[in-house]
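> this one's structure only:
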């Protein structure tokens, strides 16, 4: 949920480019993911219907939304990671690798589990943790660089005595 305002802000502020497109696509994926999670939590109401072989509309909505939302969000995070790391130093590249690996795993998780009905692929859902680490790492690194820059700017414009 916290990702939504950040991606919307990035999409609104970025110049028209691949970065802007990826941010808007990611925001849409995050919004659909938030809706999907509501159905995910509510799908417990379909448990008795599932056990008796009856229709499970809430579970079906959860699975359908997940197969759409997770690739949208995951592929967007992977693209944003690559676009953000272009032309930057090693720390950004390392952080981007987390985003790419996590984004691709997240994008594949729901479609594979739903299509195969094989829970042994559930480990792919852990890609969300790598995506989170990518965003935390980017924020921490950018924040530390901004503080370093503001110190240099402040000291360089301070009046000197002499």
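Looks like it arrived, so ask away. Just so you know, these numbers come straight off a predicted model, no measurement behind them.
> contacts and neighbour counts: CA atoms only from here.
Will do.
> the one residue sitting closest to the centre of the chain and residue 118, how far apart?
Per C-alpha atoms, centre = their mean, the C-alpha nearest to the average position across the chain is that of residue 77, at 4.9 Å. Distance of residue 77 to residue 118, computed by C-alpha to C-alpha, to the nearest Å: 25 Å.
> low pLDDT regions in the protein?
Confidence mapping of the chain against pLDDT under 70 gives the ranges 144-162.
> quick revisit: so the residue nearest to the centre of the chain makes contact with residue 98?
No - using C-alpha atoms under 8 Å, residue 77 is not in contact with residue 98, being 9.9 Å away.
> shared neighbours of those two, anything?
residue 131 (C-alpha atoms under 8 Å, 6 or more residues apart in numbering).
> who does the helix or strand harbouring residue 94 touch, helix- and strand-wise?
Remark: residue 94 resides in helix 90-116, with elements defined by DSSP states H and E. For helix 90-116, the packing partners by 3 or more C-alpha pairs under 8 Å, 6 or more residues apart in numbering; DSSP states H and E come out as helix 57-85, helix 127-157.
> tilt between the first one and helix 90-116?
Spelled out, it's helix 57-85. Between helix 57-85 and helix 90-116, the angle comes out at 160 degrees (axes from the mean of the first three to the mean of the last three C-alpha atoms, to 10 degrees).
> list the contacts of residue 34.
residue 1.
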